[in-house]
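>>> sequence plus predicted model, see below.
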Amino acid sequence: MLDWPAFLDPTLRLAFWTILVGTIANVTCAILGCFLVLRRMSMLGDALSHAVLPGLVIAFIVTGSTSSVPMFLGATLFAMLTAGLTRLLTTHGQASEESSLGIVFTSFFALGILLVQIFAEKVHIDRDAVLEGAIEYVALDTVPFLGLMWPAALWTTLCVLIAVIGWLTLFWKEIKTAVFDTDYAAAIGLYGYTMLATLIVLVAVCVVASFKIVGSILVVAMLIVPGASAQLLTQRLRNMILISCLFAAMSTAIGYAIAWQLNTSAAGMMAVVSGLGYVLAITFSPSQGLIALKLRRLRLQQRIHAEDVLGILYRWEESHKGQGLRRYPQLQDIHEIAGDDFRQSSLGQLSKVGLIDVDRESRYSLTDQGRVVAERIVRGHRLWESFLDTEFQLPEDHLHDAAHLMEHYLDQESREQIERDLGSPEADPHGRSIPPQDSV
């Protein structure tokens, strides 16, 4: 057991080093995972964790032992081979990145199984170490440095993290361009394909370095989930990386604490907490979350219902000119025209914002401001009907319903473009006048 930090009792020392090493490994995975998520290469980590099996077996065959250094070198070699062959098949084999990755990693995994059966059948591969890692025991495998004992895994994971941060610092502009458009980056001399190849190599090294510590479950989870969660919360790459690191660190600490209380797998619980973090992000994200999406849809429905009412009032007044009070419809008139889509709450909303008035006889009329908005809606509707009639020759009885679907989404620029294309029509296909531009 490590004898420092001296101010902590042995149990807390174990927790301290476990969380520290796990955080470094998971943060490294999270940083690289952001780029994999953006490149739609999320399953690269899973593929690499399977593809390194031949390297592990060959390292055992050559050295006759399962010590860490030969295993690390063998796994790293085959991880890089996987990345390189995947890129080669994508570039010269007319295959997509997903197909190339599937071909290479399944072939290497099958080769590894054959090598195990032929040359290393008696070697025991611990299921727990492969799936869950051995993060609980990182503090027990130590090396001396500066007169103190340090976890050996700390230096391995820390070196990979420093390499990743150094890569980002030196080539930030090139990396950003290559991630979003590799061909463009290569065309303007920003080494697009070199940056992509470097990313894959770093992912391979990260997977191998983290594999023994946290196992294949947490490696894949941390390569995908923090980046995917951060993408829901921000549209800026720099913020996405920072948020994903925060997700990874919190998942490590909280997951370990829960696992300690429940006496279960620390790596597995960290992956579970990371998944719960994604659930929270996809639920409460202010821009892309389920709640925000539901609210936007609700607001859109309310706007459409309100605009429908304004359109009904405008057309009613237009068709009942000179009929006194009959020019202003009552509630049942509006309901009859709108049908099942009518929402009476829309009347209250429109009245509240000053777009309609209601008199003592419960007759509804447009205010001056409401008439301007209603004219814009009707103008868009009738222009779109004219466009459909001219460009698609739709039957006349089909024009209204088709135009009604679009009238709520036509902005000023779209209306002006349609008008220019049609030569400024004065009436729609039904002979009704189109409100002039000057009145809108």
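Okay, I see it.

>>> quick one, phi/psi of R296?
phi -60, psi -40 (degrees, to the nearest 10).

>>> and it, how many neighbours does it have?
11 (other Cβ atoms under 10 Å). C-beta coordinates here come from the backbone N, C-alpha and C atoms, glycine included.

>>> check P144 too.
Around P144 there are 8 residues (other Cβ under 10 Å).

>>> L300 too?
12.

>>> over to the one 10 residues further on?
Neighbour count of L310, defined by other Cβ under 10 Å: 23.

>>> next SSE after the lowest-mean-pLDDT helix or strand in the chain?
Least confident helix or strand, the chain: helix 127-131 with a mean of 50, by mean pLDDT, DSSP states H and E. Where DSSP states H and E defines the elements, the next helix or strand beyond helix 127-131 is strand 142-145.

>>> what strands line up against that next one, and which way round?
If you go by DSSP bridges, strand 142-145 pairs up with strand 148-151 (antiparallel).

>>> can you point out the buried residues in the partner strand?
In terms of neighbour count (16 or more other Cβ atoms under 10 Å), strand 148-151 has its buried residues at W150, P151.

>>> what about that strand, average pLDDT?
For strand 148-151, mean pLDDT rounds to 82.

>>> name the helices or strands packed onto the very next helix or strand once past that strand?
Moving toward the C-terminus from strand 148-151, the next helix or strand (DSSP H and E) is helix 152-170. With contacts taken as 3 or more Cβ pairs under 8 Å, 6 or more residues apart in numbering; DSSP states H and E, helix 152-170 sits against helix 10-38, strand 142-145, helix 192-233.

>>> apply 6 Å and report the result again.
helix 10-38, helix 192-233 (3 or more Cβ pairs under 6 Å, 6 or more residues apart in numbering; DSSP states H and E).

>>> low-confidence stretches in the stretch 151-300 of the chain?
Within the stretch 151-300 of the chain, the stretches with pLDDT under 70 are 216.

>>> on that earlier part again, among the helices and strands packed on helix 152-170, which is nearest I291?
I291 lies closest, by Cβ to Cβ, to one member of these: helix 192-233, at 12.0 Å.

>>> the helix or strand just after that closest one: how far from the chain's middle?
Per DSSP H and E, the first helix or strand lying C-terminal to helix 192-233 is helix 237-262. The chain centroid and the centroid of helix 237-262 are separated by 18 Å, computed with Cα atoms, centre = their mean, to the nearest Å.

>>> please begin residue numbering at 52 from this point
Will do, 52 is the new start, and the previous item becomes helix 288-313.

>>> now helix 288-313: buried residues?
Neighbour-count burial for helix 288-313 [16+ other Cβ under 10 Å]: 288, 291-307, 310-311.

>>> okay, whichever helix or strand comes after it in CSV with CA atoms only?
Sequence-wise, the next helix or strand downstream of helix 288-313 (DSSP H and E) is helix 317-335. Provided in CSV are the C-alpha atoms of helix 317-335 (Å, rounded to 0.1, in the frame of the first residue of the first chain):
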residue,chain,number,x,y,z
ALA,A,317,-15.7,0.4,-9.8
ALA,A,318,-15.2,0.6,-13.6
GLY,A,319,-18.7,-0.8,-14.3
MET,A,320,-20.2,1.8,-11.9
MET,A,321,-18.2,4.6,-13.5
ALA,A,322,-19.6,3.6,-16.9
VAL,A,323,-23.2,3.5,-15.4
VAL,A,324,-22.8,7.0,-13.9
SER,A,325,-21.5,8.2,-17.2
GLY,A,326,-24.6,6.8,-18.9
LEU,A,327,-26.8,8.5,-16.3
GLY,A,328,-25.0,11.8,-17.1
TYR,A,329,-25.9,11.4,-20.7
VAL,A,330,-29.5,10.8,-19.7
LEU,A,331,-29.5,14.0,-17.7
ALA,A,332,-27.9,15.9,-20.6
ILE,A,333,-30.3,14.6,-23.2
THR,A,334,-33.2,15.4,-20.9
PHE,A,335,-32.3,18.9,-19.7
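
>>> which residues sit against helix 317-335?
With contact meaning Cβ atoms under 6 Å, 6 or more residues apart in numbering, helix 317-335 is reached by 183-184, 186-187, 265-266, 268-269, 272, 276, 280, 283-284, 298, 302-303, 305-307, 309-310, 340-341.

>>> show residues contacting stretch 433-449.
Stretch 433-449 has contacts (Cβ under 6 Å, 6+ apart) with L450, A453, A454, M457, R466, I469, L473, P476, D479, P480, I485.

>>> cutoff 7 Å now
Defining contact as Cβ atoms under 7 Å, 6 or more residues apart in numbering, one finds that stretch 433-449 is touched by 450-451, 453-454, 457-458, 461, 466, 469-470, 473, 476, 479-480, 483, 485.

>>> please apply the same query to stretch 252-263.
76, 79-80, 83, 87, 95-96, 99-100, 103, 123, 126-127, 130-131, 133-134, 184-185, 207-208, 211, 214-215, 218, 270.

>>> before we move on, the earlier item: out of the contacts of stretch 433-449, what pair is the most spread apart?
H451 and E470 (19.3 Å).

>>> count of residues packed around the residue nearest to L212 when sequence neighbours are not counted?
Using Cβ to Cβ, 6 or more residues apart in numbering and skipping residues adjacent in sequence, the residue nearest L212 is T79, 4.5 Å away. Applying other Cβ under 10 Å, we find 29 residues neighbouring T79.

>>> please tell me how far I70 sits from D192.
Distance of I70 to D192, computed by Cβ to Cβ, to the nearest Å: 16 Å.

>>> more neighbours, these two?
The residue with more neighbours, out of I70 and D192, is I70; 20 against 14, by other Cβ under 10 Å.

>>> now do the same contact list for the more buried one.
The contact partners of I70, taken as Cβ under 7 Å, 6+ apart, are T303, A304, Y307.

>>> any idea which of those is closest to V409?
Of those, the one sitting nearest to V409 (Cβ to Cβ) turns out to be A304, at 59.3 Å.
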